[in-house]
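S.K.: Just a sequence and a predicted model for now, questions to come.
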Amino acid sequence: MVNKEIKEILDKIVGDLYKDIKIPDFVVEWPKQKEHGDYSSNIAMVLAGKLNKNPMEISEEIKNKINIMVGPSNHNILRQAQGDKQQAQDDINKNLFVKITVAKPGFINFRISDQYLRKNLCAILKKKNEFGSSDLGKNKTIVIDYSAPNIAKPMHVGHLRSTIIGQSLYNIYKYLGYKVIGDNHTGDWGTQFGKLIYAYKYWGDKKKIKKNPIEEMTKLYVRFHKEVETNKELEELARKETKKLQDKNNENIKIWKFLVKESLKDYKKIYEILGIKFDYVLGESFYDDMLVNVIKECAEKKISSKSEGAIIVNLDKFNLPPFLIRKTDGAYLYATTDLATIKYREDKFRADKILYVVSNEQALYFQQLFSSSELLGWNDKVKLEHIKFGMVLGEMGKKLSTRRGETIKLEDVIKKSIELAKKVVEEKNPKLSNKEKKGVARTVGLGSIKYNDLSQNRLTDITFDWDKMLSFEGNSAPYLQYAYARINSLMKKYNALYKLDRINILDKPDFNLLKENIEKNIMRHLLKFPEVIENSARENSPHLIALYIYELASLYNNFYNSTPILKSERNIAKARIALSKSVATTIKNGLNLLGIDVLEKM
RNA sequence: GUCCUCGUAGUUCAAUGGAUAGAACAAGAGCCUCCUAAGCUCUAGAUGCAGGUUCGAUUCCUGCCGAGGACACCA
């Protein structure tokens, strides 16, 4: 990766140049203004204070040293003059930079050589699906906890974020060579089951539930709450059912198992449509047997105490409210389970890191959880991180209220999006067969939903806006899919035009023929892809990838509109097709990391 | 009261402490005898307020104002 190469070069050169100085943190970044170069570094400015020297002077010194050591452009001229063509060519191939400049107040700017850009194109065409991947995470295990719906309740747009962000992070880390374990920590235990079991016993219908699990369970739930209003005793009866369940009463366990199984069947449908995969679905109930030991360990390590009959972990040290791990009635909580889960993931999965993709609302809770884990001494081996995200707000910018029936069901969103996409295909490309239209509608519809979420910084609240979500223009999934489909169409036409088969289509294109500015800009942008993926993993922010491929597609569309491709001279056409192919590959890889599919035609 | 997010163009969003704050939608003007117009080009338009740290702040710190959310027996 270029940024790392530059960093290494600077490290070495500054080390040589200014001995006995500790090199402070510096960055190698992409300047916003293209005129400044492809990469720039602030190293001279951060050194200025330490060396007590003018940053511009330092920049010049570094620049000159690099020119001598790594950028033998002057040697090259010399060799060419001497007629040593082979050696000159070798030098060129090694040349990363074509120009290094210094700019006020002390930036060092690097312009990457065309040779290097061409080399990168070849690499993309060769690596294909692997372009952008690496082994950065070799031998590291990361557990990602995402989706985690509550059994018997419908998934709504809020769950969408955890599910989609989680899956995307999963893809990204995997691409970077980590061992990734996706775990769906479902809410399949706890007090809501008492109510549900009670309701099921009195009003439930097995057949109906089997046919329509979540919907029927929701009805039971709603009915229970309605009846409670006139009959307060039900609360107590439900509590008894919960207790019986926790005491492993046969009948209740049987009902519970049935409800869980049927719920999962419903979720599975949604996961399949969305292309979500988990390595494990270990619900809260899975950890039930381990809870006693958690309480015991807390007591042994003297971090827990009794308070008002309950057991808490005091977190004053962290300036946090106490963490309740056992209720007065002896029952355990979500907190207890989550502690057990950390231990399990550490012991059994050998996790180096656990990511919790859970909404921002639970920030305090996770602080408490992580702090408790630290008190237990567990955090030495495993790093815990709450990947929080903003909420999905209603169109008025308010939280969607379940009580007011404002929640938007995920199923409905999916259905609506695909339907609309269908209409748009009919209109835009009526020539496609019905089967093709259906496929396009599905891929576009789902892509839009995901992109709408993933193209945005995780932390900002998403205002739920049907128009925006279902907009297939501008910065949207279809924009990217469209660029890809166009390239695919070009390739096909190119094949037909020159009667080529797939194998030799890209046989030795001459990238020296790519001389237009826009072509160079695309090539420069392609260079960044691997860096973007690493950034997005570091920040746990898939939106950086979304942003990147949008920019790439935008550059490409510009190129496509301004430059003849097939209609140019044969060798130029070949080079341009190869460039297009590299763009397509990169778009595809990027979209796939977001969990979005591409289309050959649309 | 404590804590967590967030305040950028009419709207929805970008900007790893950098050099002229970017897009999309909406508005206005253009581009299909030419490779898919779900596209392209051009125009107009924004950092809540006040301090501080820094060579340099939309970004970091403090205070204020505004929005949303969480704060022991739910998950």
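M.R.: Right, received. Where do you want to start? Numbers count the residues shown, from 1 in each chain, chains lettered A, B, ... in the order given.
S.K.: gap between residue A:308 and RNA strand B?
M.R.: 3 Å (CB to the nearest atom of the strand, to the nearest Å). Bear in mind the C-beta positions are built from the backbone N, C-alpha and C, glycine included.
S.K.: Name all residues that make contact with the residue in the stretch 201-350 of chain A that RNA strand B sits nearest to.
M.R.: Proximity of the stretch 201-350 of chain A to RNA strand B (CB to the nearest atom of the strand) peaks at residue A:327, 2.9 Å away. By CB atoms under 8 Å, 6 or more residues apart in numbering, residue A:327 lies in contact with A:310, A:333.
S.K.: How about the one 4 residues further on?
M.R.: Contacts for residue A:331 (CB under 8 Å, 6+ apart) come out as A:242-243, A:246.
S.K.: Could you dump these into a markdown table with secondary structure added?
M.R.: Shown next, in a markdown table, are these (DSSP: H, G, I helix; E, B strand; the rest coil):
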| residue | secondary structure |
| --- | --- |
| A:242 | helix |
| A:243 | helix |
| A:246 | helix |
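S.K.: could I get these as TSV with pLDDT?
M.R.: TSV is the format used below for the contacts of residue A:331 (pLDDT from 0 to 100):
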residue	pLDDT
A:242	88
A:243	85
A:246	84
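S.K.: Considering the residues you listed, which possesses the most neighbours?
M.R.: Among the contacts of residue A:331, the one with the most neighbours (other CB atoms under 10 Å) is residue A:242, at 22 neighbours.
S.K.: thinking that residue is in contact with residue A:196, fair?
M.R.: No: using CB atoms under 8 Å, residue A:242 makes no contact with residue A:196, being 9.7 Å away.
S.K.: To what extent is residue A:140 buried, counted in neighbours?
M.R.: Under the neighbour criterion other CB under 10 Å, residue A:140 is assigned a count of 16.
S.K.: so who does it touch?
M.R.: A:178-179, A:352-353.
S.K.: Would you report the backbone torsion angles of it?
M.R.: Phi and psi for residue A:140, reported as degrees, to the nearest 10, are phi -110, psi 140.
S.K.: Kindly provide the distance from it to residue A:178.
M.R.: Noted for residue A:140: a distance of 5 Å to residue A:178, by CB to CB, to the nearest Å.
S.K.: Tell me which of the contacts of residue A:140 fall in strands.
M.R.: Among the contacts of residue A:140, DSSP state E puts A:179, A:353 in strands.
S.K.: Can you tell me which of the contacts of residue A:140 lies closest to residue A:472?
M.R.: residue A:178 (33.9 Å; CB to CB).
S.K.: Would you mind giving both backbone torsions of the residue nearest to that closest one when sequence neighbours are not counted?
M.R.: Leaving aside its sequence neighbours, residue A:178 sits nearest to residue A:137 (CB to CB, 6 or more residues apart in numbering; 3.1 Å). When quoted as degrees, to the nearest 10, the phi and psi of residue A:137 stand at phi -100, psi 20.
S.K.: Report the contact partners of residue A:137.
M.R.: A:173, A:176-179.
S.K.: Helix or strand for residue A:337, just tell me which one.
M.R.: Assessed by DSSP states H and E, residue A:337 sits inside helix A:334-347.
S.K.: Just name whatever secondary elements that helix is in contact with.
M.R.: Using 3 or more CB pairs under 8 Å, 6 or more residues apart in numbering; DSSP states H and E as the contact test, the elements touching helix A:334-347 are helix A:291-300, strand A:323-326, helix A:363-375.
S.K.: Comparing those, which stretch has the densest surroundings?
M.R.: Highest mean neighbour count of the helices and strands packed on helix A:334-347: strand A:323-326, a mean of 22 (counted as mean count of other CB atoms under 10 Å).
S.K.: got the residue ranges for the strands in the stretch 51-200 of chain A?
M.R.: Here the stretch 51-200 of chain A has its strands, by DSSP state E, counting those that start in this stretch, at A:97-103, A:107-112, A:141-145, A:179-183.
S.K.: quick one, which of the ones you listed is packed in tightest?
M.R.: By mean neighbour count, with neighbours taken as mean count of other CB under 10 Å, strand A:141-145 ranks first of the strands of the stretch 51-200 of chain A at a mean of 24.
S.K.: so where does the nearest residue to residue A:540 once chain neighbours are set aside fall, helix or strand?
M.R.: Excluding its sequence neighbours, the residue lying closest to residue A:540 (CB to CB, 6+ apart) is residue A:387, at 5.0 Å. With elements taken from DSSP H and E, the one containing residue A:387 is strand A:383-389.
S.K.: List the contacts of the helix or strand following that strand.
M.R.: As assigned by DSSP H and E, the chain's next helix or strand after strand A:383-389 is strand A:392-393. By CB under 8 Å, 6+ apart, the residues outside strand A:392-393 that reach it are A:157-158, A:160-161, A:399-400, A:461-464.
S.K.: What average pLDDT does strand A:392-393 get?
M.R.: Averaged over strand A:392-393, pLDDT sits at 78.
S.K.: In terms of secondary structure, what does the helix or strand that it is followed by contact?
M.R.: The C-terminal neighbour of strand A:392-393 among helices and strands, as given by DSSP H and E, is helix A:410-428. The contact analysis (3+ CB pairs under 8 Å, 6+ apart) places helix A:410-428 against helix A:157-175, helix A:250-274, helix A:434-454, helix A:466-469.
S.K.: So is the shortest one next to RNA strand B?
M.R.: The reference is to helix A:466-469. Yes: if you take CB under 7 Å from any atom of the strand as the test, helix A:466-469 does meet RNA strand B, through residue A:468.
S.K.: The helix holding residue A:337 near RNA strand B at all?
M.R.: Yes: with CB under 7 Å from any atom of the strand as the criterion, RNA strand B is reached by helix A:334-347 at residue A:334.
S.K.: buried ones in that helix?
M.R.: Judged by neighbour count (16 or more other CB atoms under 10 Å), helix A:334-347 contains these buried residues: A:334-346.
S.K.: Please look at residue A:486 and residue A:560 and confirm they touch.
M.R.: Yes: Residue A:486 is within contact range of residue A:560, at 6.6 Å (criterion: CB under 8 Å).
S.K.: interface residues of the stretch 51-200 of chain A facing RNA strand B?
M.R.: So the stretch 51-200 of chain A meets RNA strand B at A:103-107, A:109, A:150, A:187, A:189-192 (CB under 7 Å from any atom of the strand).
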